[in-house]
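[1] build the 3D model from these lines:
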Amino acid sequence: MIQLPDTGDMKKLGAISARVRTDHTSVYISHLFSSFLHQHCFIGKDGNEHRDLKRLINSSSSLHNAALALGALDLEVYKRPKSAFVKSGTALKYYHEAVKSLQDDIAHSETSVRKDNARLWSTILLGIFELMYDSSGHAFLAHFMYGTSRLVWYQGAIKDRDLYLTIRVLELTRALVFWTDTFLVEPQWQISMAWMFDETAPHDWHPIDALFDLAVQFIALNQRAELVVRSEWPVTSKEVSKALHDAAADGMKLRSMMDQWHTLALMWSQSHIPKEGIDAPMQLALILYHTTSICLSNIFRSQHYVRLGLEVPRLSEEANLMHASRILDLVDIALSKTNLAGFLYCWPLQVASLRYGISIEQRERSLAMMKEIEKRGFVVSKPFEALMTQGWWKMDHGIPVIDT
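    Next comes the predicted model:
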């Protein structure tokens, strides 16, 4: 597990200032839309031109500066074409200005950010910037937990589909990686979800929508189960016993729903995806399905359930290894044949690679894919890589590894 941030994490990123000429700002914006957003997609939507984001780009100081920061960072740090236009420190300068502008907007007037998609897009671009600049992941965690969640609360229902889908996948990934609370269960978000699917034509629905809902249920169940297992009350107490019974029953129900989803998703794929085609959202959905399947089993590793004789959704070692193998295969395909952002695969690769019984070849394969993610710009992959190598060392020396 990655440690939670301290209060100084955001300040570290925002404290660097530099004198920046604005001669080439159009180059940064052009690069963002013509290259970066096409190569690092978070919703897997083919032909997405980000029209709403383009329309809003000059309507907000925070959004404009966040776009400049992200475009400049990708050019400056990763030596893309036209990187010669970017001076050292340019990206951090724009990041600092975007954060300050966004903080001022939130602090001075709640009404100024209500019904304002520009500020929400700002927080998305800043979050992506942090994933590519801060290898600890702490800034991204703090940003989405405290900044984005607050903006979502102010905003109310979100009616822009691209914005809704992008926030959802980033927030869900954050909550799964850090196993923390998420605003995806809050009433304001549920209103957005209900509106989105009421107003969306049936052919726009995708199995990933249902899988994300199951993943949110998994997060909530994990938090409940963790609290009861860590309770200081004895297992035989009425309150703890009931909580364990409820968690076990909900876990079995969720396992059944996930297995049903998998069956229906494969049927949907046969009728909607060409035989040799690759559907990016389905690829991501299947990766998350296999990953949460392993983690749902790990929730119920406590001996408390055994002592009470409860049926729980634990998987056999063979089933765990099957899911791990499928994760590696699916991520490999996704990296080579889709434009989904590499960050989305860090947690699944970590979960898959730390299964007991995984082969040396599979370890090397997962490590190579993690390094490819870093090569594409997401330095936040480094702590995942470190956790993997540390876990393997422990396994090889007979030291227990805490289930991911």
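[2] could you check stretch 57-76 and say which residues are buried?
    57, 60-76 (16 or more other CB atoms under 10 Å). Where you see a C-beta, it was placed from the backbone N, CA and C, and this is true even at glycine.
[3] do stretch 87-104 as well
    87, 89-99, 101-102.
[4] not counting sequence-adjacent ones, nearest residue to Ala341?
    Closest residue to Ala341 apart from its sequence neighbours, by CB to CB, 6 or more residues apart in numbering: His40 at 4.2 Å.
[5] swap in Arg255?
    Pro313 (3.7 Å).
[6] hmm, back to that, right, and the residue nearest to Ala341 touches Thr338 too?
    No - taking CB atoms under 8 Å as the definition, His40 is not a contact partner of Thr338, at 11.0 Å.
[7] more neighbours, those two?
    His40 (21 against 18; other CB atoms under 10 Å).
[8] what sits against that one?
    Contacts for His40 (CB atoms under 8 Å, 6 or more residues apart in numbering) come out as Ile128, Asn339, Ala341, Gly342, Arg376, Gly377.
[9] that older thread, got phi/psi on the residue nearest to Ala341?
    As for His40, its main-chain torsions (degrees, to the nearest 10) stand at phi -130, psi 80.
[10] how close does it get to Leu349?
    17 Å (CB to CB, to the nearest Å).
[11] just the element for the residue nearest to the spatial centre of the chain, please.
    With distances taken as CA atoms, centre = their mean, the residue of the chain nearest its centroid is Thr173 (2.1 Å). Assigned by DSSP states H and E, Thr173 belongs to helix 161-178.
[12] in that helix, which residues are buried?
    162-178.
[13] do stretch 380-399 as well
    Val380, Ser381, Lys382, Pro383, Phe384, Glu385, Leu387, Met388, Gly391, Trp392, Met395.
[14] name the surrounding residues that touch that stretch.
    Contacts for stretch 380-399 (CB under 8 Å, 6+ apart): 2, 130-132, 134-137, 140, 342-343, 346-347, 349-350, 353-354, 356, 363, 366-367, 370-371, 373-374, 400-401.
[15] now list the buried members of those residues.
    Buried subset of the contacts of stretch 380-399 (neighbour count, 16+ other CB under 10 Å): 2, 130-132, 134-137, 140, 342-343, 346-347, 349-350, 353-354, 363, 366-367, 370, 373-374.
[16] so of the residues you listed, which ones are in helices?
    Secondary structure from DSSP state H places 130-132, 140, 346-347, 349-350, 353, 363, 366-367, 370, 373-374 of those in helices.
[17] for the stretch 301-404 of the chain, which segments count as helices?
    Taking DSSP state H, counting those that start in this stretch as the test, the helices found in the stretch 301-404 of the chain are 303-307, 317-337, 346-353, 360-375, 381-396.
[18] of all those helices, which lies closest to Pro281?
    helix 317-337 (10.6 Å; CB to CB).
[19] so what touches that closest one?
    278, 280, 283-284, 286-287, 290-291, 293-294, 297, 315, 340, 342, 345, 348-349, 351-353, 355-358, 362, 365-366, 369, 372-373.
[20] I figured Ser60 hits Ala118, correct?
    Yes - the criterion here is CB under 8 Å, and Ser60 meets it with Ala118 at 3.7 Å.
[21] if we ignore the residues flanking it in sequence, what's nearest Cys346?
    Phe384 (4.5 Å).
[22] in the longest helix along the chain, what counts as buried?
    In the chain, assigned by DSSP H, the helix with the most residues is helix 238-272. Across helix 238-272, burial judged by 16+ other CB under 10 Å covers 240-241, 243-244, 247-248, 250-252, 254-255, 258, 261-262, 265, 268.
[23] just to revisit the earlier point, which two from the ones in helices among the buried ones among the contacts of stretch 380-399 end up farthest apart in space?
    Glu130 and Arg363 (28.6 Å).
[24] test my guess that Asp105 contacts Arg119.
    Yes - between Asp105 and Arg119 there is a contact under CB under 8 Å: 6.1 Å.
[25] the more surrounded of these two?
    Arg119 (26 against 21).
[26] quick one, grab the pLDDT at the more buried one.
    Looking at Arg119, its pLDDT stands at 88.
[27] find the helix or strand that it is a member of.
    Applying DSSP H and E, one finds Arg119 within helix 117-133.
[28] please apply the same query to Ser297.
    Assigned by DSSP H and E, Ser297 falls in helix 280-299.
[29] what residues sit buried inside that helix?
    Buried, per 16+ other CB under 10 Å, within helix 280-299: 280-297, 299.
[30] quick one: Pro274 from Trp205, how far?
    Distance from Pro274 to Trp205, by CB to CB: 19 Å.
[31] out of the two, which sits in the more crowded spot?
    Trp205 (12 against 7).
[32] any idea how far the more buried one lies from Leu214?
    15 Å.
[33] now do the contacts for the residue nearest to His245 when sequence neighbours are not counted.
    Nearest non-adjacent residue to His245, counting by CB to CB, 6+ apart: Leu310, 6.5 Å away. Leu310 is in contact with Leu244, His245, Ala248, counting by CB under 8 Å, 6+ apart.
[34] next one: phi and psi at Leu310?
    phi -90, psi 140.
[35] hang on, Ile158 packs against Asp116?
    No - judged on CB under 8 Å, Ile158 makes no contact with Asp116 at a distance of 10.9 Å.
[36] so between the two, which is more surrounded?
    Using other CB under 10 Å as the criterion, Ile158 and Asp116 rank with Ile158 on top: 22 against 19.
[37] that one belongs to a strand?
    No - using DSSP: H, G, I helix; E, B strand; the rest coil, the assignment for Ile158 is coil, not a strand.
[38] what about it, distance to Val152?
    Taken as CB to CB, the span from Ile158 to Val152 is 7 Å.
[39] overlap in contacts of those two?
    Leu120, Ile167.
[40] show the contacting residues for the closest residue to Asp162 other than its chain neighbours.
    Using CB to CB, 6+ apart and skipping the chain neighbours, the partner closest in space to Asp162 is Asp52 (6.1 Å). Asp52 makes contact with Asn117, Trp121, Asp160, Asp162, Leu163, according to CB under 8 Å, 6+ apart.
[41] ok, Ala265 next?
    Pro207, Leu211, Met282, Ala285, Leu286, Tyr289.
[42] check Ala249 too.
    Ala249 touches nothing, counting by CB under 8 Å, 6+ apart.
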